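Novice: A predicted structure for the sequence below; I have some questions about it.
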Amino acid sequence: MSVSLTLDALLFHMIGGQLKRFAKARKDLLVAVNEMVRHMFEEIDYILEGQNAERFASLYALYPSTDLKKVPNRSVEDKKANLVKVPKIYWKYTRKGVLTMEWLDGIKLTDEEGLLEAHLDRKELIDQGLYCSLRQLLEVGFFHADPHPGNLVATHDGTLAYFDFGMMGDIPRHFRVGLIQVLVHFVNRDSLSLANDFLSLGFIPEGADIISISAALQKSFDDESRQSRDFQSIMNQLYDVMYEFNFSLPPDYALVIRALGSLEGTAKALDPEFKVVESAYPFVIGRLLVDPSPDMRKILRELLIRNDGSIRWNRLERLVAAISEEASESVGESPSSQPVSANTFGWKSFDTKAVVGATEDLLLFILSDKGLRVRLFILRDIIKAADVFLDDEIVARIFYHQFAEYSKPEGDDMLLRVKNGFYYFREAVRMAPETWTAMLFRMALRPEFQNFILDILSALVTHSKHRIPETAWISLSRLLHEVDS
């Protein structure tokens, strides 16, 4: 086997060299060939594969090859940690050319009838696989690079079992942070920041024309015919720009892309509508909230605050809503009439202390010298909201339930947003009122916070001093008209 692979490797090198010389192929072609050859040899080293399997089990499977239903007193943390099974390696019978492992019974993820007969929940299986993969790629760094349906089965107790640990990757922390940053900037459609991400990660060489790359990315984002959110379409969208500017993808990231593509393909076998980027978003938010390091706090700010300093209110509202849903679920309520989606393993939940800590850090940034533009935009938005509330038709609707056909739909949107915002925040506070109260009390004692509150009150009084009497007189007139009639 090794002789055949050696001949294949030499052949690949010969072809790669000729393509580079005569066909003007990409300069990193031979790097890609070398990486592929390295993984080919690793995949036939069964001692290495067995070591990979044990390392994977120690990181992601708390009770490998154990019937979960028989494990007593399993805590929520156990359930969150124990999402996969890994077959035990029998080292006594394993050699470099022979791998002996435990037999695990399971059902192929493409076997619809088998999953149905075993009464296995497809969404739970997807959640398990997605959570485990995201932990690998964004939290720990050691990851299975080929999670296709042939390497995964569902066991009868409802967990996923992983096989084939020949192709593994190991990415350092700065690459994991970079991956989160790329995802956030892609979601924000922030082409300039995305181009700078590519530079810092080594995708493009120093001295590259960042402005031209940013413009090409923005053009790609603006193409309405390419707005699909599935991973393959997103990568095709980025590949066009990458080839135009001669990007060089580091081997570790090539494996990450392979792993994400395989993950989405596997999940689509269970749910054809699954989209890995969209589904990974709650996990990414959770990582941003729980990690207090400066680089992760910076990414969190970029998620919620635009480059010009204005707040992304829609995104902030969705984040607070997600946190409040967990609070409502924990007390048996739902903020809407729709049932809260099942979250059996708890991985989409948010750590309360982490949420409060992230909120405090965000407020401290806004109150700092660097947050001056943010404060100005917040003042502007508060004044806009006050204008809506002081509209005489809005007052009539609030107090007298009149004028159902309101002529300014943006006023309805603002009212709904403010109402939902206060509701969601109240629900989030209910998770840990003491923790939130302590944080808000600390903030209230800060002189810069007190000054900002005074600025808000002063701006409201100055802006609204003529509107309040006018609205009051109109409302009083309507009240008297109601009484007379």
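Specialist: Good, I have the coordinates. Every value quoted in this text rests on a predicted model; they were computed, and no experiment measured them.

Novice: residues making contact with the stretch of helix or strand Phe365 belongs to?
Specialist: Take DSSP states H and E as the rule and Phe365 turns out to sit in helix 352-367. Under the contact criterion Cβ atoms under 8 Å, 6 or more residues apart in numbering, helix 352-367 has outside partners 288-290, 292, 297, 300-301, 304, 323, 371, 374-375, 378, 428, 431-432, 435-436, 439, 442-443, 446, 448-449, 452. Bear in mind the C-beta positions are built from the backbone N, C-alpha and C, glycine included.

Novice: pLDDT (mean, whole number) over it?
Specialist: Computed over helix 352-367, the mean pLDDT rounds to 92.

Novice: how far away from the center of its chain is that helix?
Specialist: Averaging C-alpha positions (Cα atoms, centre = their mean, to the nearest Å) puts helix 352-367 19 Å from its chain's average.

Novice: in the following helix or strand past it, what counts as buried?
Specialist: Tracing the chain C-terminally past helix 352-367 and defining elements by DSSP H and E, one meets helix 372-389 next. Of the residues in helix 372-389, those buried under the neighbour-count criterion (16 or more other Cβ atoms under 10 Å) are 374-375, 377-379, 386, 388-389.

Novice: can you give me the helices in the stretch 301-450 of the chain?
Specialist: Counting by DSSP state H, counting those that start in this stretch, residue ranges of the helices within the stretch 301-450 of the chain are 313-330, 352-367, 372-389, 392-400, 409-431, 433-444, 447-464.

Novice: quick check: Asn151 vs Gln128, distance?
Specialist: Note on Asn151: its distance to Gln128, by Cβ to Cβ, to the nearest Å, is 14 Å.

Novice: who has more neighbours, these two?
Specialist: Ranked by neighbour count (other Cβ atoms under 10 Å), Asn151 and Gln128 place Gln128 first, with 22 against 17.

Novice: and that one, what pLDDT?
Specialist: According to the per-residue confidence, Gln128 scores 88 in pLDDT.

Novice: what packs against the host helix or strand of it?
Specialist: Secondary structure assigned from DSSP H and E places Gln128 in helix 122-134. In terms of contacts (3 or more Cβ pairs under 8 Å, 6 or more residues apart in numbering; DSSP states H and E), helix 122-134 is packed against strand 160-162, helix 251-270, helix 276-290.

Novice: touching, Val84 and Ser58? I think so.
Specialist: No. Assessed by Cβ atoms under 8 Å, Val84 is found out of contact with Ser58, at 11.9 Å.

Novice: where in this structure is the helix or strand with the lowest mean pLDDT?
Specialist: helix 76-81 (a mean of 44; mean pLDDT, DSSP states H and E).

Novice: quick revisit: buried sites along the helix holding Gln128?
Specialist: Applying a neighbour-count criterion of 16+ other Cβ under 10 Å, one finds 122, 124-134 buried in helix 122-134.

Novice: what's the answer for stretch 263-276, then?
Specialist: 263-270, 274-276.

Novice: could I get these as CSV with distance to Asp157 and pLDDT?
Specialist: Output for the buried residues of stretch 263-276, formatted as CSV (distance: Cβ to Cβ, whole Å; pLDDT from 0 to 100):
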residue, distance to Asp157, pLDDT
Leu263, 22, 88
Glu264, 25, 87
Gly265, 25, 87
Thr266, 20, 88
Ala267, 20, 88
Lys268, 24, 87
Ala269, 20, 84
Leu270, 17, 87
Phe274, 23, 85
Lys275, 28, 81
Val276, 26, 81
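
Novice: wait, what's in contact with Glu54?
Specialist: For Glu54, the contact set (Cβ under 8 Å, 6+ apart) comprises 86, 89.

Novice: so how far is Thr100 from it?
Specialist: The gap separating Glu54 from Thr100 is 13 Å, by Cβ to Cβ.

Novice: and for those two, which residues touch both?
Specialist: By Cβ under 8 Å, 6+ apart, Glu54 and Thr100 have these common neighbours: Ile89.

Novice: buried only: go through the contacts of helix 352-367 for me.
Specialist: When the contacts of helix 352-367 are checked for burial by 16+ other Cβ under 10 Å, the buried set is 288-290, 297, 300-301, 304, 323, 371, 374-375, 378, 428, 431-432, 436, 439, 443, 448-449, 452.

Novice: end to end on stretch 131-142, go ahead and measure it.
Specialist: In stretch 131-142, first residue to last residue: 14 Å (Cα to Cα, to the nearest Å).

Novice: list of residues touching that stretch?
Specialist: Residues lying outside stretch 131-142 but in contact with it, judged by Cβ under 8 Å, 6+ apart, are 55-56, 59-60, 80, 83-84, 143-144, 147, 160, 168-173, 175-176, 179-180, 256, 259-260, 263, 280, 283-284, 287, 345, 347.

Novice: redo that, cut-off 6 Å
Specialist: 59-60, 83-84, 143, 170-171, 176, 263, 280, 283, 287, 347 (Cβ atoms under 6 Å, 6 or more residues apart in numbering).

Novice: same thing with stretch 152-165?
Specialist: Under the contact criterion Cβ under 6 Å, 6+ apart, stretch 152-165 has outside partners 49, 52-53, 56, 67-69, 84-86, 104, 106-109, 118, 120, 125, 128-129, 151.

Novice: before we move on, the earlier item: among the contacts of stretch 131-142, name the buried ones.
Specialist: By neighbour count, with 16+ other Cβ under 10 Å, the contacts of stretch 131-142 hold 59-60, 83-84, 143, 171, 176, 263, 280, 283, 287, 347 as buried.

Novice: can you name the residues that contact Ser310?
Specialist: Counted by Cβ under 6 Å, 6+ apart, Ser310 has contacts Phe377.

Novice: what does the model give the residue nearest to Asp455 when sequence neighbours are not counted for pLDDT?
Specialist: Nearest residue to Asp455 in three dimensions, chain neighbours excluded: Leu379, at 6.7 Å (Cβ to Cβ, 6 or more residues apart in numbering). Per-residue confidence (pLDDT) for Leu379: 93.

Novice: how much space between Leu379 and Gly261?
Specialist: Applying Cβ to Cβ, one obtains 45 Å for the distance of Leu379 from Gly261.

Novice: wait, which of the contacts of stretch 131-142 is closest to Arg189?
Specialist: The nearest member of the contacts of stretch 131-142 to Arg189, counting by Cβ to Cβ, is Ala280 at 17.3 Å.

Novice: excluding its backbone neighbours, what's nearest that closest one?
Specialist: By the measure of Cβ to Cβ, 6+ apart, the closest residue to Ala280 outside its immediate chain neighbours is Leu134, 5.7 Å from it.

Novice: dead centre of the chain: give me the residue that sits there.
Specialist: A centroid search over the chain (Cα atoms, centre = their mean) returns Tyr281, at 2.5 Å, as the residue closest to the centre.
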